[in-house]
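[1] after the sequence you'll find the predicted model.
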Amino acid sequence: MTAAKVETVPVCIIGGGPSGLLLSQLLHLQGIDNILLEKYSRAHVLARIRAGVLEHGFARLMREAQCGERMDREGEIHRGFHIAHDGVLDHDDLYKYSGGNSVIVYGQTELTRDLYEARERMGGKVVHEAEDVALHDLTGKPYVTYRKGDETRRVDCDFVIGADGFHGVSRRSIPRDMLVEHERVYPFGWLGVLSRTPPVSPELIYVRHERGFALCSLRSQVLSRYYVQVPLTDRVEDWSDEAFWEELKRRLPREVAERLVTGPSIEKSIAPLRSFVAEPMRYGRLFLAGDAAHIVPPTGARGLNSAASDIYYLYHALLDHYKKGDDTGLDGYSERALARVWKAQRFSWWMTMMLHRFPDDLSYNVRLQQAELAYLFSSEAAKRVLAENYVGLPF
Ligand code: APR
Ligand code: PHB
């Protein structure tokens, strides 16, 4: 057997989703050499349809990474959103109630494409189709092995960053007794449709309806994204486009349903809803970031946004380590990251509980949802709380 090809790099990043790519790019710009290992091809990663709301803090990081140009050109700034419930269409003015902040509607797929292009332009080390990635000696002198085609390779490094999503190998490389996992699985999913049609509303509409939750979102003025809550037992093949549009219309306020433009679906899928946090987010010289450590249900649009603070804290911690020999940031990373992660969990859980229909729910709980929404839009303080969380808590 031939010896594995060995490369020595300060930082080895596992996972080429938004978290890993953004960190790789930020470190590179500061002269901190790193290699990124991604299990799939670039085309495969870019074929995934993901959510589309970016909080201002994530957008700021994209600009700092010199990747914000297209996002700022093509993304849409949203200063508010609607919640339809109990026959009314309420509005939260994000800009007013968050003290001048907003969110950017820009597809996560496009954002990932921008990051890949920047990495390529700068000659970043990105290995696609890195198979059998394995993490070794994480509490000593860490190294990562992987297979590329027929060749086994090895990366010797100071730090491993686990940014390989919920199903990745990094979190599973931590001994079970060193990790606590908190999980809540919701008894429903979201059936999502992407269609080349003008969006029904310039701002997002979240809908609480007795038939179940719905969401009207968009990617651009000619590309719409809609969702309806479905039981976990439903299969996407069971939903024709016609059945989807019919169900969506039934859940929308009448005046919105009447102006909905329907068309063939370009993509249709069912995503289960889950809340998950693994803690601590560090084991020896392995640091977890993004979906590898925590998942939120999509209701509060927090997914990518809770990854933003992880990347920000890790980036600065690594800068302090390499530039100043200061490890305070690395030592405090897990606690600091988790403090914000749990606030995003709380917000996503609250939005999810308030807006979905739960099977066999008590009438008491249904009335509580209605009271919650009535309170929310009758109180300036409550609208402020909603806006502050939706645009993203500071980091
Ligand atoms: N080896 C290498 N790469 C892996 C492995 C592995 N064993 N397992 C998974 N990966 C890759 C996946 O193919 C994926 O491209 O890691 C990447 C993880 O990316 P994401 O799942 O997108 O996670 P992250 O970058 O943290 O992005 C944050 O927020 O809105 C949510 O889920 C949404 O993608 C979004 C996430
Ligand atoms: C989306 O556009 O896909 C989207 C928007 C807001 C959410 C979830 C998903 O809360």
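    Looks like it came in fine. Ligands and ions are numbered 1, 2, ... in the order given.

[2] ok, now how distant is Val236 from Gly189?
    Counting by C-beta to C-beta, to the nearest Å, the gap from Val236 to Gly189 is 10 Å. For the C-beta atoms, the positions are set from N, CA and C on the backbone; glycine is no exception.

[3] what of Val180?
    When distances are taken as C-beta to C-beta, Val180 and Gly189 turn out to be 26 Å apart.

[4] more crowded one of the two?
    Neighbours were tallied for Val180 and for Gly189 using other C-beta atoms under 10 Å; the higher tally belongs to Gly189 (22 against 10).

[5] so that one touches Pro272, yeah?
    Yes: shown here, Gly189 and Pro272 form a contact pair, counting by C-beta atoms under 8 Å, at 4.6 Å.

[6] in the chain, which helix is the longest?
    Of all the segments of type helix in the chain, defined by DSSP state H, the longest one is helix 328-355.

[7] how far off centre is it?
    Offset of helix 328-355 from its chain centre (C-alpha atoms, centre = their mean, to the nearest Å): 13 Å.

[8] what's the spacing between Leu273 and ligand 2?
    When C-beta to the nearest ligand atom, to the nearest Å is the yardstick, Leu273 and ligand 2 sit 11 Å from each other.

[9] check what pLDDT that residue gets.
    Per-residue confidence for Leu273 comes out at a pLDDT of 97.

[10] what's around it, how many residues?
    Burial of Leu273, expressed as a neighbour count using other C-beta under 10 Å, amounts to 22.

[11] again with Ala371
    Going by other C-beta under 10 Å, the residues that sit close to Ala371 add up to 10.

[12] give me every residue that touches whichever residue of the stretch 101-250 of the chain sits closest to ligand 1.
    Distance from ligand 1 to each residue of the stretch 101-250 of the chain (C-beta to the nearest ligand atom) is smallest for Gly165, at 2.7 Å. Taking C-beta atoms under 8 Å, 6 or more residues apart in numbering as the definition of contact, the neighbours of Gly165 are 15, 17, 290-292.

[13] recalculate using a threshold of 10 Å.
    When contacts are counted by C-beta atoms under 10 Å, 6 or more residues apart in numbering, Gly165 is found next to 14-17, 19-20, 39, 171, 290-293, 295.

[14] on that earlier part again, overlap in contacts of Val236 and Gly189?
    Common contacts of Val236 and Gly189, defined by C-beta under 10 Å, 6+ apart, comprise 230, 269-270.

[15] and this structure, what are its domain boundaries?
    Structural domains assigned to the chain are 2-77+102-183+274-353, 186-273+358-391, following automatic domain parsing.

[16] quick check: which of those domains is buried the most?
    The densest packing among those, expressed as mean neighbour count by mean count of other C-beta atoms under 10 Å, is seen in domain 2-77+102-183+274-353 with a mean of 19.

[17] now the angle from the host helix or strand of Ala307 to helix 328-355?
    Ala307 is part of helix 303-319 when elements are defined by DSSP states H and E. Between the axes of helix 303-319 and helix 328-355, defined by axes from the mean of the first three to the mean of the last three C-alpha atoms, to 10 degrees, the angle is 170 degrees.

[18] is any part of helix 303-319 close to ligand 2?
    No: contact of helix 303-319 with ligand 2 is not found when judged by C-beta under 6 Å from any ligand atom; the minimum separation is 7.8 Å.

[19] how distant is that helix from the center of its chain?
    Per C-alpha atoms, centre = their mean, the displacement of helix 303-319 from the mean C-alpha position of its chain is 13 Å.

[20] likewise for stretch 71-90?
    The answer for stretch 71-90 is 18 Å, by C-alpha atoms, centre = their mean.

[21] quick check: mean pLDDT across it?
    Computed over stretch 71-90, the mean pLDDT rounds to 96.
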